[in-house]
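J.: starting from these lines, generate the structure:
(one chain, ligands or ions: 1)
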Amino acid sequence: MIRAFVAIRPPGEVIDRLVGLQAGAPGRVSPPENLHLTLAFLGEIPTRLLEDADAALGQIKAPGFALTLDGVGLFGGSKPRLIYADVAPCPALTALQAKVAQAARGAGIELEARRYSPHITLARLDKRGADRKRAERFAADRAAFLAGPFEVTEFGLYRSTLHAHGPVYDRLKAYALT
Ligand code: 2AM
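T.: As a prediction, the model looks like this:
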């Protein structure tokens with residue numbers, strides 16, 4: 001079984017901006033190599049299904065597009081569990097995500113039903129909500145964060161390996177947007 005997801009990796013200068021943005025964040029900050037924008041989380045799937053997903057993802061025809069990161073948000077309501085960099089509305093991203101989801105489902109992968117909410121995870125928080133005050137201040141103080149626009153020219157299929165020190169992500173495949 002392989003834990004896999006499909007994602008966009010921002011270019012180096014945007015990663016640098018995100019690393020700067022993370023300074024002072026509460027919780028477990030994502031290391032620079034883990035920063036990405038998920039398009040679909042495929043879950044723990046057998047190798048055969050991963051191969052089918054790869055074939056379907058390889059068939060996707062979609063143009064490249066410009067993406068802008070805009071602001072900082074929290075997921076989890078009164079017990080925030082995650083701090084993220086938000087993504088400015090981008091119809092081309094929405095269209096690509098729909099194609100990726102369709103490809104994955106077509107390959108027989110069950111995706112979560114919840115609505116797609118594009119974000120880049122900056123830090124994961126204490127589950128009991130202990131970081132709430134700091135997280136809220138952190139996000140509010142950085143509401144004006146802006147990075148990009150940057151060109152998205154490809155997306156990738158990634159493996160996630162869970163370790164005690166956090167997940168390690170490896171890109172297995174890249175797909176060009178043309
Ligand atoms: P997150 O950063 O918001 O947690 C690899 O785990 C990627 O898939 C992460 O970007 C993660 O999003 C995303 N993902 C979406 N649903 C997930 C789930 N149920 N479990 C783990 N990761 C998930």
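J.: contacting residues around stretch 127-146?
T.: Identification of contacts with stretch 127-146 by Cβ atoms under 8 Å, 6 or more residues apart in numbering yields 21, 24-27, 68-74, 76, 78-81, 83, 85, 125. All C-beta atoms are positioned from the backbone trio N, CA, C, and that covers glycine.
J.: okay, buried residues for stretch 108-128 please.
T.: With burial defined by 16 or more other Cβ atoms under 10 Å, the residues of stretch 108-128 counted as buried are 109, 116, 118-125.
J.: turn those residues into CSV, columns for secondary structure and pLDDT.
T.: Converted to CSV, the buried residues of stretch 108-128 look like this (DSSP: H, G, I helix; E, B strand; the rest coil; pLDDT from 0 to 100):
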residue, secondary structure, pLDDT
109, coil, 98
116, coil, 97
118, coil, 98
119, strand, 98
120, strand, 99
121, strand, 98
122, strand, 98
123, strand, 98
124, strand, 97
125, coil, 97
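J.: just the buried subset of the contacts of stretch 127-146, please.
T.: When the contacts of stretch 127-146 are checked for burial by 16+ other Cβ under 10 Å, the buried set is 21, 25-27, 69-70, 72-74, 80-81, 83, 85, 125.
J.: can I get the longest helix along the chain as CSV, trimmed to CA atoms?
T.: Counting by DSSP state H, the longest helix found in the chain is helix 91-106. Extracted in CSV, the C-alpha atoms of helix 91-106 (Å, rounded to 0.1, in the frame of the first residue of the first chain):
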residue,chain,number,x,y,z
PRO,A,91,-10.6,29.2,-12.1
ALA,A,92,-7.8,27.4,-13.9
LEU,A,93,-6.8,25.8,-10.6
THR,A,94,-10.4,24.8,-9.8
ALA,A,95,-10.7,23.3,-13.3
LEU,A,96,-7.4,21.4,-12.9
GLN,A,97,-8.5,20.1,-9.5
ALA,A,98,-11.8,18.8,-11.0
LYS,A,99,-9.8,17.0,-13.7
VAL,A,100,-7.5,15.4,-11.2
ALA,A,101,-10.4,14.3,-9.0
GLN,A,102,-12.2,12.9,-12.1
ALA,A,103,-9.0,11.0,-13.2
ALA,A,104,-8.5,9.5,-9.7
ARG,A,105,-12.1,8.5,-9.4
GLY,A,106,-12.0,7.1,-12.9
